[in-house]
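[1] What would the 3D arrangement of this be:
(2 chains)
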Amino acid sequence: DVKVTQSSRYLVKRTGEKVFLECVQDMDHENMFWYRQDPGLGLRLIYFSYDVKMKEKGDIPEGYSVSREKKERFSLILESASTNQTSMYLCASTPNGGRYEQYFGPGTRLTVT
Amino acid sequence: GENVEQHPSTLSVQEGDSAVIKCTYSDSASNYFPWYKQELGKRPQLIIDIRSNVGEKKDQRIAVTLNKTAKHFSLHITETQPEDSAVYFCAASITSGTYKYIFGTGTRLKVLA
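    Coordinates of the predicted model:
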């Protein structure tokens, strides 16, 4: 059974804190993605990774960084959290090829106060 | 830049009626077009997809059509049921060495009993 997990379902952090969101997949997928979901804006790509230690910026990378040290694990880092980063964060993975289903994690609802 | 427009943003239909959601993409090289359904509080899940060498695909009450010339694709749900109520997202693949997906902004479908 395909599985993508995220480290937390709900997270509350203070402005200025460093925040780590972790995603793990057990499908040996090459590609992993971090999205941000806001009402009316859909799913916006923050960063993605196509191999260990490889990453590319998505549409809204400002204020975020990522790390992929192992194939199964992709971390999103908020260097200094701000209130406008309050959102739902979704991780996804997919095999190589660009024509395959993305498998999503359950999401992390992050609130920055 | 790459873009996917999705309409309408909200759609209400009577149970048993049909629902149609339309998307337009900008990158003519896109060759994979998935549709995801996201129920309240849950992760997005693939319901149907179509590849660029096919004009139409059907799976029971759900169908997707693709017009590559016009760069648009549509989701059709027939005989709608209350459990079809959800947010639906279209997406288009962007293949330029690496693989990523651009999502539409979502359509909230309400099926009225």
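
[2] On the three-state scheme, the residue nearest to the spatial centre of chain A is what?
    Centre of chain A computed as the mean C-alpha position; nearest residue by Cα atoms, centre = their mean is A:W34, 2.8 Å away. The three-state assignment at A:W34 reads strand, by DSSP: H, G, I helix; E, B strand; the rest coil.

[3] ok, it - contacts?
    Contacts were defined as Cβ atoms under 8 Å, 6 or more residues apart in numbering or on different chains; by that measure A:W34 touches A:21, A:23, A:45-48, A:58, A:64, A:66, A:74, A:76, A:89-91. Backbone N, C-alpha and C define where each C-beta goes, glycine included.

[4] repeat for B:S85
    The neighbours of B:S85, taking Cβ under 8 Å, 6+ apart as the test, are B:L109, B:K110, B:V111.

[5] now B:V4
    B:C23, B:T24, B:Y25, B:S26, B:C90, B:A91, B:A92, B:I102, B:F103, B:G104.

[6] Same question for A:Q37.
    Taking Cβ under 8 Å, 6+ apart, one finds A:L43, A:R44, A:S87, A:M88, A:Y89, A:L90, A:G107 in contact with A:Q37.

[7] Could you list which of the contacts of B:S85 belong to strands?
    B:L109, B:K110, B:V111 (DSSP state E).

[8] what helix or strand does B:W35 sit in?
    strand B:32-38 (DSSP states H and E).

[9] Residues touching that strand, excluding its own?
    Under Cβ under 8 Å, 6+ apart, the answer for strand B:32-38 is A:98-102, B:23, B:25, B:44-52, B:64, B:66, B:73, B:75, B:86-93, B:101, B:106.
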